[in-house]
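1. Here is my input, please return the structure:
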Amino acid sequence: MSLTHPAHAGRTQLDRDTVRIALLGCGTVGSGVANLLIGSASAIAARSGVAFTLEAIAVLSLGKPRTDRIPRSLLTADARSVVLDPAVDVVIECIGGTGVAADLVETALLRGKHVVTANKDLLATRGPELRALAHARGVTITYEAAVGGAIPIVRTLTASLAGEEILEVGGVLNGTTNFILSAMFEGESYASALAKAQRLGFAESDPTNDVEGVDAAHKLAILAQLAFGRGLVTSEIPRVGITRLTPDDVTLAKRLGYRLKLVACARRDASLVTPAFVHTDHPFAQPAGPQNCIRITGRNSGSLTFAGAGAGGAPTASAVISDVVAVLRHIGVGRHVGILPVDDSLTPVTTAHEPSIPLPRIVRLHSLRDARPAREALLAAGFQARALDGVPAIRTERVDGEAPVRIEAILAAHAIVAQSIIPLWEDVDPHAYQEGSHV
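-> Numbers count the residues shown, from 1 in each chain. Below you'll find the model as predicted:
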C-alpha cells in the first residue's frame, strides 16, 4: 500500500505500510502518551486503520527512573536527531514551553512531518505562524490536548462547527484555579487550597501561570484563533488572576447566590480573563475541583456546553492519542487534517483593539454604612449603582455600556475604600448580535 500525502515542497511520499511516530518528552503527559501508544497499540491501529510503530522517545535525562512499560531501547537524549530522522513521519511534542519545543516543532513541520502537540504556550503565542507553516508544507499540526484536557473542543470548532458563525467562546478553562476556588468555597484558605492542589498534582510547584490567569489566556487565545480566524495571542488578552481573592469575597458570593470562578471569554473584537461572580444556575458555576467548562455560542447552533477534566496527565494524554488517531486516519487516505484558513493568521490584532468585555461589577465595601455614599458617588460619575440587601456591597455598571473607569479612584475621592471589585458574569443574548456585527 502506498500512502500519498498532498503534493507540496519538501515532503516525500510515504511508500510503506507502517507510519513511524516519535515522541518528544516523557514527563507527566509524555509518559502517559508513551504508555498508551505501547499498551494500546492494537486498539489505536484498529481505530485508525493504519499500522504504526513508536520509533523513539526523546528525553532530557536517560538516567531518570521510568516505568517498565517503556523500553529503554526507545529512549534518546538527542531530540533534534529524532526530528531530523527521515524515517519519522509523525512527531508528538510533549516538552512544553516556547524554547526548545518551538524550534523542534518548527523543524518538524519544515521537514514535512505531521505534528501533534499539547503545548498551549506555544500555540497561544505562535499558533497562527505554525498553522501557516503546516499549511505551506502540506502537513498537519493538531492540538486537541492543548485546551480543556480530554474535552474535544478543538475538533468541535474545526470540524463540527466549521460552517457556523461563532459569536462567543469561553468558560472555565483552568483546572488548577477551579480546584483552588472550589476548595475555598468549602472553607479553605487560598494558601491551603493551593498547597492541596500541589499535593494532588493539579498545580505546579510554581503555580504562577495558573493563578495569574496566564494559562487560561493561552487557552483562550487558541480558541479565539480557531473560532474567529484571527491572530489573537496571549499578550493581547486583558487578564486578572485569583491571587487577590479573599475568604470575604467567597462569603459574599455565597450570600448572593454566586460562585467565584476564573472566567475566560472571547468575542470577535473583545476578550478577557477574570475572576467573576457567576450565578449558581449558570453552566460556568457547575465545574468542581479540576473540572473545566467550555461553551461555544453560534449564530445558528445556539449555546453548546462541554465539561470535563481540565487538569492532570491522564486526560491530556487521552486527548493527544485522539489527535494521533485522527492523523493516522488522514494519512491512510492521503489527506491532511486540522488546517484552517490562514487569511489573517499572520496579522495579530493589537491591545488597543481588544477592549475588555463590559460587565457589571460587584463592589465589596468595608461596612453597610458605606453603601449609600458609594452608590451616590458612582451615580454622579455616570454609573448605574444599587445597594445589595443586607450586605456591604453594591452592584454597578456604566450607563453607556463601555468598559468601566477606575471605580477605586471614584470611591477614594469620597474617602470610601473598595475592599474588592469583581465582575458579575452576565451572558449576552445571541439575538443581540446583529448580522455581520463584531460585538
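
2. And the pLDDT for Gly149?
-> Note for Gly149: predicted pLDDT of 69.

3. ugh, typo on my part, it should be His438
-> His438 is assigned a predicted lDDT (pLDDT) of 38.

4. With Gly310 instead?
-> Predicted confidence (pLDDT) for Gly310: 60.

5. what do you get for Thr28?
-> 82.

6. Next: Ala221.
-> Ala221 is given a pLDDT of 91.

7. What is the neighbour count of it?
-> 30 (other CB atoms under 10 Å). Using the backbone N, CA and C atoms, a C-beta is placed for each residue, glycine as well.

8. check contacts around it.
-> 123-125, 127, 232-234, 236-237 (CB atoms under 8 Å, 6 or more residues apart in numbering).

9. What's the separation between it and Val169?
-> Computed as CB to CB, to the nearest Å, the Ala221 to Val169 distance reads 11 Å.

10. Check Ala412 too.
-> According to CB to CB, Ala412 and Val169 sit 36 Å apart.

11. quick one, which of these two is more surrounded?
-> A count of neighbours by other CB under 10 Å puts Val169 above the other of Ala412 and Val169, at 26 against 13.

12. Contacts made by whatever helix or strand that one lives in with the rest, please.
-> Using DSSP states H and E, Val169 sits in strand 166-172. Contacts to strand 166-172, defined as CB under 8 Å, 6+ apart, come from residues 157, 178, 220, 223-224, 227-228, 261-268, 283-284, 287, 291-299, 305, 310, 428, 430, 433, 439.

13. Give me the buried entries from those.
-> 157, 178, 220, 223-224, 227-228, 261-268, 283-284, 287, 291-298, 310, 433 (16 or more other CB atoms under 10 Å).

14. Which of those residues fall in strands?
-> Here DSSP state E is the test, and the buried ones among the contacts of strand 166-172 give 261-267, 291-298 as lying in strands.

15. My read is that Glu408 contacts Ile421, right?
-> Yes - assessed by CB atoms under 8 Å, Glu408 is found in contact with Ile421 at 6.7 Å.

16. got a list of what the residue of the chain positioned farthest from its centre touches?
-> What lies farthest from the middle of the chain is Arg369; by CA atoms, centre = their mean that is 41.8 Å. Going by CB under 8 Å, 6+ apart, Arg369 touches no other residue.

17. Kindly report the domain assignment for the protein.
-> 18-149+313-332, 158-310, 361-430 (automatic domain parsing).

18. gap between Glu426 and Pro358?
-> Shown here: Glu426 relative to Pro358, a distance of 10 Å by CB to CB.

19. One more: Ala227?
-> 20 Å.

20. which residue ranges form the strands in the stretch 201-350 of the chain?
-> 258-267, 270-279, 291-298, 302-309 (DSSP state E, counting those that start in this stretch).

21. Just give me the lowest mean pLDDT stretch among the ones you listed.
-> Lowest mean pLDDT of the strands of the stretch 201-350 of the chain: strand 302-309, a mean of 88.

22. Give me the helices and strands touching that one, please.
-> Judged by 3 or more CB pairs under 8 Å, 6 or more residues apart in numbering; DSSP states H and E, the packing partners of strand 302-309 are strand 291-298.

23. Return the distance of Ala264 relative to Val147.
-> With CB to CB as the criterion, Ala264 and Val147 are 10 Å apart.

24. quick one: low-confidence ranges for the stretch 251-400 of the chain?
-> 310-312, 335-356, 400 (pLDDT under 70).

25. Show me what the helix or strand hosting Ile57 is packed against.
-> Using DSSP H and E, Ile57 falls within strand 51-58. Secondary-structure packing of strand 51-58 (3+ CB pairs under 8 Å, 6+ apart): strand 18-24, helix 28-39, helix 41-48, strand 75-76, helix 79-84.

26. What residues of it count as buried?
-> Buried residues in strand 51-58 (16+ other CB under 10 Å): 51-52, 54-58.

27. quick one: buried residues of the longest helix anywhere in the chain?
-> Counting residues, the longest helix found in the chain (DSSP state H) is helix 313-332. Buried residues in helix 313-332, counted by 16+ other CB under 10 Å: 313, 315-328, 330-331.

28. could you say what helices and strands that helix packs with?
-> Partner elements for helix 313-332 (3+ CB pairs under 8 Å, 6+ apart): strand 18-24, helix 28-39, helix 41-48, strand 90-93, strand 114-117, strand 141-142.

29. Only the C-alpha atoms, please, for it, written as CSV.
-> Output in CSV follows, covering the C-alpha atoms of helix 313-332 (Å, rounded to 0.1, in the frame of the first residue of the first chain):
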residue,chain,number,x,y,z
GLY,A,313,-1.8,13.9,32.8
ALA,A,314,-4.3,11.2,32.0
PRO,A,315,-7.0,13.4,30.4
THR,A,316,-4.3,15.3,28.4
ALA,A,317,-2.6,12.1,27.2
SER,A,318,-6.0,10.8,26.1
ALA,A,319,-6.5,13.9,24.0
VAL,A,320,-3.1,13.5,22.5
ILE,A,321,-3.9,10.0,21.4
SER,A,322,-7.2,11.1,19.9
ASP,A,323,-5.1,13.5,17.7
VAL,A,324,-2.7,10.7,16.8
VAL,A,325,-5.7,8.6,15.7
ALA,A,326,-7.0,11.4,13.6
VAL,A,327,-3.6,12.0,11.9
LEU,A,328,-3.2,8.3,11.2
ARG,A,329,-6.7,8.1,9.6
HIS,A,330,-5.9,11.0,7.4
ILE,A,331,-2.5,9.7,6.4
GLY,A,332,-4.3,6.5,5.5
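
30. and the residue lying closest to Val172 once chain neighbours are set aside, how far is that from Pro65?
-> Take Val172 and drop its neighbours on the chain: the residue closest to it by CB to CB, 6 or more residues apart in numbering is Cys293, 4.6 Å away. For Cys293, the distance to Pro65 under the criterion CB to CB works out to 37 Å.

31. wait, what's in contact with Tyr143?
-> 116-120, 123, 127, 154, 222, 323, 338.

32. can I get those in JSON lines with distance to Ile21?
-> JSON lines is the format used below for these (distance: CB to CB, whole Å):
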{"residue": "Val116", "distance to Ile21": "9"}
{"residue": "Thr117", "distance to Ile21": "13"}
{"residue": "Ala118", "distance to Ile21": "15"}
{"residue": "Asn119", "distance to Ile21": "17"}
{"residue": "Lys120", "distance to Ile21": "21"}
{"residue": "Leu123", "distance to Ile21": "20"}
{"residue": "Gly127", "distance to Ile21": "22"}
{"residue": "Val154", "distance to Ile21": "20"}
{"residue": "Ile222", "distance to Ile21": "23"}
{"residue": "Asp323", "distance to Ile21": "12"}
{"residue": "Gly338", "distance to Ile21": "16"}
